[in-house]
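> Build me a model from this:
(2 chains)
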2 protein chains.
Amino acid sequence: MTAEERELSDGEYKKLTPELIDVLRNIVGAKYVLYDDFEKVEPYSHDEVVGEKWAHMPDAVVKPRTAEEIAAIMRLANREKIPVTPRGAGSGLSGGAVPVHGGILLSLERMDQILEIDRANMVAVVEPGVITNNINTTLAEEGLFFAGYPMSVESCFIGGNVAENAGGGRAVKYGVTGRYIIGLEVVTPEGDIIHLGGKRVKDVVGYDLIHLMVGSEGTLGIFTKIFIKLLPLPVKKVNLLVLFKDISTAVALVPKIMTYGKIIPTAVEFMDRTAVELACKYLNEHLYSQEVGAMLLIELDGSDEEQLVREYEVIGEMCQSAGAIEVFVADNYTTQERVWAVRRNVPEGIQAAFPVKASEDLVVPIASLPELLPKIAEIAAKFDVVIPCFGHAGDGNIHSTIAKRPEMPAEKWEKIEEQVRNELYQLVLSYGGTISGEHGIGHKRIKYMQKALEPATITLMKRIKQAFDPNLILNPGKLFK
Amino acid sequence: MTAEERELSDGEYKKLTPELIDVLRNIVGAKYVLYDDFEKVEPYSHDEVVGEKWAHMPDAVVKPRTAEEIAAIMRLANREKIPVTPRGAGSGLSGGAVPVHGGILLSLERMDQILEIDRANMVAVVEPGVITNNINTTLAEEGLFFAGYPMSVESCFIGGNVAENAGGGRAVKYGVTGRYIIGLEVVTPEGDIIHLGGKRVKDVVGYDLIHLMVGSEGTLGIFTKIFIKLLPLPVKKVNLLVLFKDISTAVALVPKIMTYGKIIPTAVEFMDRTAVELACKYLNEHLYSQEVGAMLLIELDGSDEEQLVREYEVIGEMCQSAGAIEVFVADNYTTQERVWAVRRNVPEGIQAAFPVKASEDLVVPIASLPELLPKIAEIAAKFDVVIPCFGHAGDGNIHSTIAKRPEMPAEKWEKIEEQVRNELYQLVLSYGGTISGEHGIGHKRIKYMQKALEPATITLMKRIKQAFDPNLILNPGKLFK
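As a prediction, this is how the structure comes out:
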């Protein structure tokens, strides 16, 4: 077995002993180690991926307060060959925070301070356990904001967002999380505390380890400080809710808004008929009608009201020329919230109607969406499942949910679910897309890595992992077999 | 010696033999191998860093046309332990393209095609040897542009820009090169051809190797295709040239424009009195007067003329409230070109007056500039040198040039030059800055890496290098000792 293919099996990892538990208690304080207490530990055994097969109990939960404590824990873990799985809010959708090899579940929940808001430099310095939404609530008072905006904003931690390179609803204009991370304090898997970047906005000294860390899914290091570049908070927002008879017309418009309209909207969200129906049903909302085949929710922001009006008029006209049924303008907070609530609750609406399902996170080049969506419908018909589609059309990132019809027997579902997934992945890869735009690989998508990446690329990634974590103890069982 | 500290000395690298030259001729064609011809080879022995000590002859220059040819060359180089140094236009400022260990100088000049402009996806696919300026000339006809804008735009190649993560004059609003690279075809040091990203704009599958490659200074791989995300070309541009009595007032205004003005200019360029005087003298231009201590050149762009007018009026008022002597508005192409010509020719102006000099590329957090610049002046006075300062104030990135007064004896300069550099680096590091914002480390700044980065960080970077290039044959002698 070559170095890059070496993997530690469960046989090689050790379990925490009572003696090691005592050492951990000495490091963080006894009340911050949860051990031998199923009720307290169980919530840390899974993230938002539903299903027992995706959960796994850690030996213990450890809740440090400082980078030095974490460094000590990592050094212990390396010495004793104990796996360590870092966890933010546990709101992930790919099993990234699940301790699949037991060991230490390292919760960052106590590192929850906003350390500094440097207005002159437009930088916020935060700990990993700050709820992302709280960052923006605080910054709004300063007329600033962090433009990363995951859809689970109420609960997720910023550390998790950075580890997953979260995307969300504003990426069309503002890009994803990684664009705004200009510095990190990191505890390495071997227990060093390193400082990458800081408040400077340019830096070409050596390799870009910051962006290697962003999206590394907790496998290369643990963030203890995050330096976020801020932007001025746009003063005004406008939402357009546009109803279409069919999906293809709706998505064909998406790239045109940007190329021909010369407008970069903040967001262009898409919902097919099923997604809209189920979200509205869940919320007891009345937005759709029999005619509606698809919806686009377009957001524009800026500091200049007149320019915003001009922009949404241009887009409104384009939509109507393209054959939209209706264009609603939501220019006040209440109506905007109502419209975004529908979009945000699509997953809940689908869950309520189809409890047995698998959420996917497909991404293709934006201009391939009009061809992609009808082909997804063909796959759904072929296997007699329902695949509602919704998401970030402006990025080519569609959350397709493979859902079991209530009448389909469970055994049949178990047979075909993977086949459907494989066909969807094959489809997006054939369009120059890939198998995850923002949710990550975690352990949920490990077996598909070889579909998505060339062997030489996987080899390089494994060598990088080995370079950071020679004993393979940080978040094992994720990304690579 | 540990694995990560291993370095190949000249004794371990082999030289090209006539037999190997024949193999190379078979790979690329005989006319594309320059060997044993000093006049033809010598131009490839240096970049834009002046001075014999920074130049080094390769054994041969090889000019491939395809990725497959490059892969064959890399496999040969690995087998025979021949160093390979990739080269774009040779316009770099840190010696990145200098073949300091001899071997093969791999020139990408023949890979000069714009392969595709995909308007619907707003992506350009180009070969590494395309002159960056030509990309934008072609794209302008489509109403699109690539927002990376290095100041050496007329000559540099896009492949070099990506290798150095070039910054340039528009980074304040548009960020640096790395923001726009969404895909790469790369020949790895071991001779595999891998495909990272593509036309999709989001991708979280595995580690972000694209951004690891960006700015890797030709030490991790050779780019054979580059996928560039494009933006709509702004229709209108306005420049403000603002004259100040003193430096501190000028630079104190820079962060305020963005925080209090809520405006993100395209560019905020700074020139101190000496820089302006020498550029104007060089161009026979008349912009300065006795009163002027510093100048800011502020560019705004957009698609909406009225909004632009509003924005520059806000900025103009802020400048005047801050005590500017004069605010000139340049709103037509001719005047804008005149003003930017002064900025672009500052290096030439300095060179003409001070032929013995060293260009630096300091970066600090933006709000630290007002404190930094007077301290640079103190260092200049202490050592009796001249240090004109100019550059990208909006990014905190100042090109300070350590210049020898004509009357100083050469032996004294040789003694103090490095002391001045060390003090400048110490100064910027003390402000949370670093030693290069955009020019890179190359071989010029290798000895200062240990000042700028922690030992554990350097170790990780060396391990990454090793992971990609086990035989250390790609661009050796750069970044790390």
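> so where is chain A shaky, pLDDT-wise?
A:1-11, A:149-153, A:288 (pLDDT under 70).
> per-domain residue ranges of it.
Chain A breaks down into these domains under automatic domain parsing: A:3-109+A:460-468, A:114-232, A:236-343, A:347-440.
> was I right about residue A:481 contacting residue A:448?
No. Residue A:481 lies out of contact with residue A:448 (Cβ atoms under 8 Å); the separation is 11.1 Å. Just so you know, the C-beta spots here come from the backbone N, C-alpha and C atoms, and that holds for glycine as well.
> Does chain B have contacts with stretch A:143-160?
Yes. Using Cβ under 8 Å from any Cβ of the partner chain, stretch A:143-160 reaches chain B at A:143-144.
> does residue A:237 count as helix, strand or coil?
The three-state label given to residue A:237 by DSSP: H, G, I helix; E, B strand; the rest coil is strand.
> can you pull the contacts of the closest residue to chain B within the stretch 1-150 of chain A?
Nearest residue of the stretch 1-150 of chain A to chain B, counting by Cβ to the nearest Cβ: residue A:120, 3.7 Å away. Contact analysis of residue A:120 by Cβ atoms under 8 Å, 6 or more residues apart in numbering or on different chains lists B:255, B:259, B:366-367.
> Pick out whichever of those sits closest to residue A:29.
Set against residue A:29, the nearest of these by Cβ to Cβ is residue B:367 (37.6 Å).
> For the stretch 251-400 of chain A, what lies in contact range of chain B?
By Cβ under 8 Å from any Cβ, the part of the stretch 251-400 of chain A that sits against chain B consists of A:255, A:258-259, A:262-264, A:303-304, A:306-307, A:310, A:363-367, A:392, A:395-397.
> picking up where we left off before, also within reach of chain A: list those from the contacts of residue A:120.
For chain A, the contacts drawn from these by Cβ under 8 Å from any Cβ are B:255, B:259, B:366-367.
> from these, which single one is nearest residue A:158?
Set against residue A:158, the nearest of these by Cβ to Cβ is residue B:259 (21.6 Å).
> can you count the residues close to that closest one?
Neighbours of residue B:259 under the rule other Cβ atoms under 10 Å in any protein chain shown: 19.
> That one reaches residue A:119, doesn't it?
Yes. Here residue B:259 reaches residue A:119: they are 5.8 Å apart, a contact under Cβ under 8 Å.
> picking up where we left off before, out of the domains of chain A, deepest packed?
Of all the domains of chain A, domain A:114-232 carries the top mean neighbour count, a mean of 22, counting by mean count of other Cβ atoms under 10 Å in any protein chain shown.
> And it, how far out from the chain middle?
Relative to its parent chain, domain A:114-232 has a centroid offset of 14 Å by Cα atoms, centre = their mean, to the nearest Å.
> cool, and stretch A:411-423?
So, by Cα atoms, centre = their mean, the centroid of stretch A:411-423 is 24 Å from its chain's centroid.
> check whether that stretch contacts chain B.
No. Stretch A:411-423 does not reach chain B (Cβ under 8 Å from any Cβ); its nearest approach is 14.7 Å.
> what's that stretch in contact with?
A:356, A:358, A:360, A:379-380, A:382-383, A:385, A:387, A:402, A:404, A:448, A:451.
> residues shared between the contacts of residue B:259 and residue A:119?
In terms of Cβ under 8 Å, 6+ apart, residue B:259 and residue A:119 are both contacted by the residues residue A:144.
> Now secondary structure too, for the contacts of residue A:120, in TSV please.
TSV is the format used below for the contacts of residue A:120 (three-state DSSP):
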residue	secondary structure
B:255	helix
B:259	helix
B:366	helix
B:367	helix
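> Using TSV, lay out these together with distance to residue B:167.
As requested, these are arranged in TSV below (distance: Cβ to Cβ, whole Å):
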residue	distance to residue B:167
B:255	18
B:259	21
B:366	14
B:367	19
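> residues touching residue A:360, list them.
With contact taken as Cβ under 8 Å, 6+ apart, residue A:360 is in contact with A:399-402, A:421, A:424.
> of all these, which two lie farthest apart?
Within these, two members stand farthest from each other by Cβ to Cβ: A:399 and A:421, at 13.6 Å.
> Of residue A:481 and residue A:448, give the one with the bigger neighbour count.
A count of neighbours by other Cβ under 10 Å puts residue A:448 above the other of residue A:481 and residue A:448, at 18 against 12.
> list the contacts for that one?
A:421-422, A:425, A:435.
> and if you look at residue A:105?
Counting by Cβ under 8 Å, 6+ apart, residue A:105 has contacts A:41, A:44-45, A:58, A:60-62, A:85, A:87, A:99.
> Mind doing that once more with 10 Å?
A:34, A:41, A:44-45, A:56-63, A:83-87, A:90, A:97-99 (Cβ atoms under 10 Å, 6 or more residues apart in numbering or on different chains).
> Next: residue A:329.
Counted by Cβ under 10 Å, 6+ apart, residue A:329 has contacts A:238-242, A:309, A:312-313, A:316, A:335.
> let's go with 8 Å and repeat that
Contact partners of residue A:329, counting by Cβ under 8 Å, 6+ apart, are A:238-240, A:312, A:316.
> Figure out which of the domains of chain A is closest to residue B:157.
Across the domains of chain A, closest to residue B:157 is domain A:114-232 (Cβ to Cβ), at 17.2 Å.
> and the longest helix for chain A?
Longest helix in chain A by number of residues (criterion: DSSP state H): helix A:410-430.
> For the spatially closest residue to residue A:294 that is not a sequence neighbour, what is the enclosing helix or strand?
Among residues not flanking residue A:294 along the chain, residue A:250 sits closest, at 4.0 Å (Cβ to Cβ, 6 or more residues apart in numbering or on different chains). In this assignment (DSSP states H and E), residue A:250 forms part of helix A:247-259.
> Show me what that helix is packed against.
With contacts defined as 3 or more Cβ pairs under 8 Å, 6 or more residues apart in numbering or on different chains; DSSP states H and E, helix A:247-259 has these neighbours: strand A:267-272, strand A:294-302, helix A:305-321, helix A:369-383.
> quick one: that helix to helix A:369-383, angle?
150 degrees (axes from the mean of the first three to the mean of the last three Cα atoms, to 10 degrees).
> now helix A:247-259: how far from the chain's centre is it?
From the chain centre to the centre of helix A:247-259 is a distance of 24 Å (Cα atoms, centre = their mean).
> Export it to PDB, keeping only CA atoms.
Output of helix A:247-259 as PDB, limited to C-alpha atoms (Å, rounded to 0.1, in the frame of the first residue of the first chain):
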ATOM      1  CA  ILE A 247     -39.200  25.200 -16.200                       C
ATOM      2  CA  SER A 248     -37.100  25.600 -19.300                       C
ATOM      3  CA  THR A 249     -38.300  29.200 -20.000                       C
ATOM      4  CA  ALA A 250     -37.500  30.100 -16.400                       C
ATOM      5  CA  VAL A 251     -34.000  28.800 -16.300                       C
ATOM      6  CA  ALA A 252     -33.100  29.900 -19.800                       C
ATOM      7  CA  LEU A 253     -33.600  33.400 -18.600                       C
ATOM      8  CA  VAL A 254     -31.000  33.100 -15.800                       C
ATOM      9  CA  PRO A 255     -27.800  33.600 -17.700                       C
ATOM     10  CA  LYS A 256     -29.400  36.200 -19.900                       C
ATOM     11  CA  ILE A 257     -30.200  38.500 -17.000                       C
ATOM     12  CA  MET A 258     -26.400  38.800 -16.400                       C
ATOM     13  CA  THR A 259     -25.100  38.800 -19.900                       C
END
